[in-house]
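Colleague: The following block contains a protein sequence and its predicted model.
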Amino acid sequence: MDAQHFISSGIIELYMAGIATEEEVRELEAAIVQFPAVATEVESYRHSMEEYIRMQGLNPATDVKASLFNKINNEPNLQEGSPVPGQNLQQPKVVSMQEQETKSLSWKWIATAAAVLLVGSLVLNYVFFNRYKEFREYKDKYQSLLVSQNSILSKSNLYKTRLEQMQESMEIIQDPHVLKVPLPGTKPFPEALATVFWNPQSQQVYLKVNKLPEPAADKQYQLWAIVDGKPVDMGVFEMGDTASLLQKMKVIGKAQMFAVTLEKKGGALSPTMEQMYVAGKIPG
Amino acid sequence: MEHTATYTEAELVQGLKARDQKVFGYLYDHYSPALYGVIVKVLNDNSSAGDVLQDVFLKIWRYLDSYDERKGRLFTWMLNIARNTAIDILRSKSHKLDQKIQNITDAVHSINGPLAVHQSTDYVGFSRILEKLTKEQRTLIDLAYYKGCTQEEISRVLDIPLGTVKTRMRNAIIQLRTILNK
């Protein structure tokens, strides 16, 4: 572009108004150096523009000058030339909104920092909430474990008791002095079966229910020993869970036979013969 | 004005760079109305304009060493400082274009308002210019120069196409030169 072309391009006018783009400003600055005619034209426009501005001058309040000189004389850093600022004051600034917005960084930085902090806080909230949830899960698990441990413990106690009872039963049965007396079912109750373990030396008698029907609530089975043809009360016994174990009955030193009858709850003084379920003779 | 001496621009610059307060006082007396006019027109606010003017002269005092007379006249340099300082304040006050439109409208209306009291001596000359510029031409120049609007912003504010902004702005500046360089 030669000088005349540049002058008629309109860039100088836009530059004077302060609305030339950065590229146009660069082009113009180069043209001013290159073409004296362009420089003259720019100066002519600048003169009219500055005249326009100067004509709109206003007189400031008189105290501004006094205050200004007061500052200059009292601030030591104003006494001598301070470092030159980065901005080039020589040329008109092309200030666009966007540029300006990047300049007022302070609140933007604060906003950005706040946003970052907020996001950080949210992330931490999330992390800690998850941990808390995990913790709650673990707590629940821990509690259920505690419960199941307790139940296992109580079951294990139960088994221990059972085991002890079994061992006790085993010891009784394994005693060589103990006689095993099977009591098969009588004619009306052929299915019924019970076993008496009797130690004639210690006179201890144990009963094991093999199979007896569950009695009515107001009835109870009663064991009898037949001694020289007469029934001797050996006590009532429990059914249900207890029936699986050996039940210790009353002691007796002499007997030929054992029998079980169904009696009213608490037992009877003499057996009801019609309700005899099982009976067995002592072998030998 | 109290000063008796007059200085050439070269003498002014030399005195200022030597931190001569008498020269600085002359500079203030001579140029403060023009700079103050720019500040008031940009900010459209008389209350803070005095403080801004003081700031501008403090900047001039402080940054004198960075002024290069080969790159332009001292007045041009000072005008740029005043305009940039005031526009920075305007922008930091309100980022909204709406507010700027309001400001420029107010500015146009306030020409004959309370500001007229402080009008410096060239007011008569200025009315002569006003007669020869259309209201739109003045608005265009004022939006660009005093409010620091870009072409796009002017296009939005005045609701005219970008190309038209350029053409009309060019005509306004040419017209201004025709009036003033007679």
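Modeller: Structure's in. What do you need?

Colleague: how close does the closest residue to B:Gly15 other than its chain neighbours get to A:Phe258?
Modeller: Distances taken as Cβ to Cβ, 6 or more residues apart in numbering or on different chains place B:Val23 nearest to B:Gly15, at 3.2 Å, with adjacent residues excluded. The way it works is simple: take the backbone N, C-alpha and C, and place the C-beta from them, glycine included. In this view, B:Val23 and A:Phe258 are 142 Å apart by Cβ to Cβ, to the nearest Å.

Colleague: which one of these two has more residues nearby?
Modeller: A:Phe258 (27 against 20; other Cβ atoms under 10 Å in any protein chain shown).

Colleague: Now the longest helix anywhere in chain B - C-alpha only, PDB.
Modeller: The longest helix of chain B (DSSP state H) is helix B:21-43. The C-alpha trace of helix B:21-43 is given here as PDB (Å, rounded to 0.1, in the frame of the first residue of the first chain):
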ATOM      1  CA  GLN B  21       8.000  22.300  40.300                       C
ATOM      2  CA  LYS B  22       7.600  25.700  38.800                       C
ATOM      3  CA  VAL B  23       7.500  24.100  35.300                       C
ATOM      4  CA  PHE B  24       5.100  21.500  36.600                       C
ATOM      5  CA  GLY B  25       2.900  24.300  38.000                       C
ATOM      6  CA  TYR B  26       2.900  25.900  34.600                       C
ATOM      7  CA  LEU B  27       2.000  22.500  33.000                       C
ATOM      8  CA  TYR B  28      -0.900  22.100  35.400                       C
ATOM      9  CA  ASP B  29      -2.200  25.600  34.800                       C
ATOM     10  CA  HIS B  30      -1.900  25.200  31.100                       C
ATOM     11  CA  TYR B  31      -3.200  21.700  30.600                       C
ATOM     12  CA  SER B  32      -5.500  20.800  33.500                       C
ATOM     13  CA  PRO B  33      -8.700  22.200  31.900                       C
ATOM     14  CA  ALA B  34      -8.200  20.000  28.800                       C
ATOM     15  CA  LEU B  35      -7.400  16.900  30.900                       C
ATOM     16  CA  TYR B  36     -10.100  17.600  33.400                       C
ATOM     17  CA  GLY B  37     -12.600  18.000  30.500                       C
ATOM     18  CA  VAL B  38     -11.600  14.500  29.300                       C
ATOM     19  CA  ILE B  39     -12.000  13.000  32.700                       C
ATOM     20  CA  VAL B  40     -15.400  14.600  33.300                       C
ATOM     21  CA  LYS B  41     -16.600  13.500  29.900                       C
ATOM     22  CA  VAL B  42     -15.400  10.000  30.400                       C
ATOM     23  CA  LEU B  43     -16.700   9.500  33.900                       C
END
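
Colleague: helices or strands next to that helix in the packing?
Modeller: In terms of contacts (3 or more Cβ pairs under 8 Å, 6 or more residues apart in numbering or on different chains; DSSP states H and E), helix B:21-43 is packed against helix A:36-55, helix A:63-74, helix B:9-17, helix B:46-63, helix B:74-93.

Colleague: Show residues contacting the first one.
Modeller: Judged by Cβ atoms under 8 Å, 6 or more residues apart in numbering or on different chains, the contacts made with helix A:36-55 from elsewhere in the structure are A:3-4, A:6-7, A:12-13, A:15-16, A:28, A:31-33, B:33-34, B:37-38, B:75-76, B:79, B:122-123, B:125-126, B:129, B:141, B:145, B:173, B:176-177, B:179-181.

Colleague: partner residues bridging the nearest residue to A:Glu191 once chain neighbours are set aside?
Modeller: Nearest residue to A:Glu191 in three dimensions, chain neighbours excluded: A:Gly185, at 5.7 Å (Cβ to Cβ, 6+ apart). According to DSSP bridges, the partner residues bridging A:Gly185 are A:Val278.

Colleague: Alright, I will stop here.
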